[in-house]
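Asker: Predicted coordinates and the sequence they were generated for:
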Amino acid sequence: MTLRLGTRGSALALAQSRAIAQRLGADVVVIESDGDRMPGSLASLGGTGVFATALRTALRAGEVDVVVHSFKDLPTAAEPGLAIAAVPERADVRDAFVGRDGASLAELAPRARVGTGSPRRRAQLLARRPDLDVVDLRGNVDTRLSRVSTDDPERRLDGVVLAAAGLHRLGRLGEASELFGADHWPPAPAQGALAVETRAGETAAAHALDDPVARVTADAERRLLALLEAGCAAPVGAHAIVAGDDLVLSARVYALDGSAVVSATATVPVVGADAAERVAAAVVADLLAQGAADLAPLGGGA
C-alpha cells in the first residue's frame, strides 16, 4: 500500500514534504492547520506548535501514515502514541536577512522597519540595532518577502529576517543580503531540521531517512529548550555541532528588548544515547546560574 504523507499547504511545507515523499514513494496529502487560518502573531496563537496539531490529529486518525514538520515548530514534550521516525540531513541552520535594495542590517538607516514574527529574532535585532522599528510579521515566505519589495508605504518594510533553509528550499536564497553566523546569532533550536513523524510502532519505513548528526544536534538543542522549560517562541537561540568525537552546544537567552543576554557553551563526548541530554543539562545549568530565568519569559508550551 502506498504511504500517505501529510503536510501543511504552504509553498515551503510542500517543497520540503515533496522531497521526503519522493524518497518514501508516498502520496502527499495537504492538511490545513489553525495556524494557517487564524490571524495574529505566533505568540498570541500559542507559539509555532499550533501548526503541528492538525497534522498530528490526522496521523492519529489514520488519515495519513506519516507527517513532515519543521522540527523547530514542534513542542519539545513527547507526543503520546507518536514517534519521530527520522531527522533527515539538516539544511543550513542560519538566519538570513533580506534587505531592501540588497542592504545589509548594518546599512539600514535609524528607525528602519524590519519584520519578524519571532521573539528571538526581535531580541537579536534589537541587541544589534536598538534603533530599529521591529514590526510583527506573519504569513508565508512569499508574503514576507513582498513586504520588502512593495512600494506601498503602509506595508513597506526595509528588511525581514527568515530562515536560510526555507529560502533555499524555495530556490530564493539568492535574495538574501546576508547570512547571520550561528556563533554570533544562534538560530531557533532545531532550525533547518525536518522531523518525519509516524505512529509509534510504525517507524520502520521512514527510519531509513534518519541522519545521526542531524538527530543528535537537533535533539541537544531541543533538550536545552525543554530543560529551560521554555516554549518554542521564547527568546532562546541554540546551536549544536559534532566536532570529531565531541558534541558541542552553545546557547543564548535574550531579554525581549535585546538589552541583555546570557550565553553558555558545553562539550561532551558524542558517544552514548544520552549525549544530547548531558550537553543540554550542562549548558542549562550555566545559563540558569547566570540568571537566564530572570532575563526573559521562558514559558509557553515546551
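Answerer: Sure thing, it's come through.
Asker: pLDDT weak spots in this protein?
Answerer: Scanning the chain with the threshold set as pLDDT under 70 gives 33-50, 232, 299-302.
Asker: got the residue ranges for the helices in it?
Answerer: 11-24, 34-37, 42-45, 52-60, 119-128, 141-149, 164-169, 204-207, 212-227, 275-289, 292-295 (DSSP state H).
Asker: quick one: Thr203 and Ala83 touch, right?
Answerer: Yes: Thr203 sits in contact with Ala83 when judged by CB atoms under 8 Å, with a separation of 5.3 Å. Any C-beta I mention is one placed from the backbone N, CA and C, and that applies to glycine too.
Asker: any chance of the helices of the chain in a markdown table, with mean neighbour count and distance to Ala190 too?
Answerer: Putting those into a markdown table (neighbours: other CB atoms under 10 Å; distance: least, CB to CB, whole Å) gives the following:
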| stretch | mean neighbour count | distance to Ala190 |
| --- | --- | --- |
| helix 11-24 | 18 | 14 |
| helix 34-37 | 14 | 17 |
| helix 42-45 | 17 | 16 |
| helix 52-60 | 19 | 13 |
| helix 119-128 | 23 | 13 |
| helix 141-149 | 17 | 18 |
| helix 164-169 | 22 | 11 |
| helix 204-207 | 16 | 17 |
| helix 212-227 | 23 | 4 |
| helix 275-289 | 20 | 11 |
| helix 292-295 | 17 | 19 |
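Asker: show me what contacts Leu209?
Answerer: By CB atoms under 8 Å, 6 or more residues apart in numbering, the contact list for Leu209 reads Ile20, Arg23, Leu24, Ala85, Ala86, Pro88, Val196.
Asker: any idea how far Ala86 is from the first one?
Answerer: Same thing as Ile20. 9 Å (CB to CB, to the nearest Å).
Asker: what residues are shared contacts of these two?
Answerer: Joint contacts of Ile20 and Ala86 (CB under 8 Å, 6+ apart) are Val196, Leu209.
Asker: quick one, what contacts the closest residue to Arg60 other than its chain neighbours?
Answerer: Spatial nearest neighbour of Arg60, chain neighbours left out: Gly81 (6.4 Å); criterion: CB to CB, 6 or more residues apart in numbering. By CB under 8 Å, 6+ apart, the residues touching Gly81 are Arg60, Arg199, Ala200.
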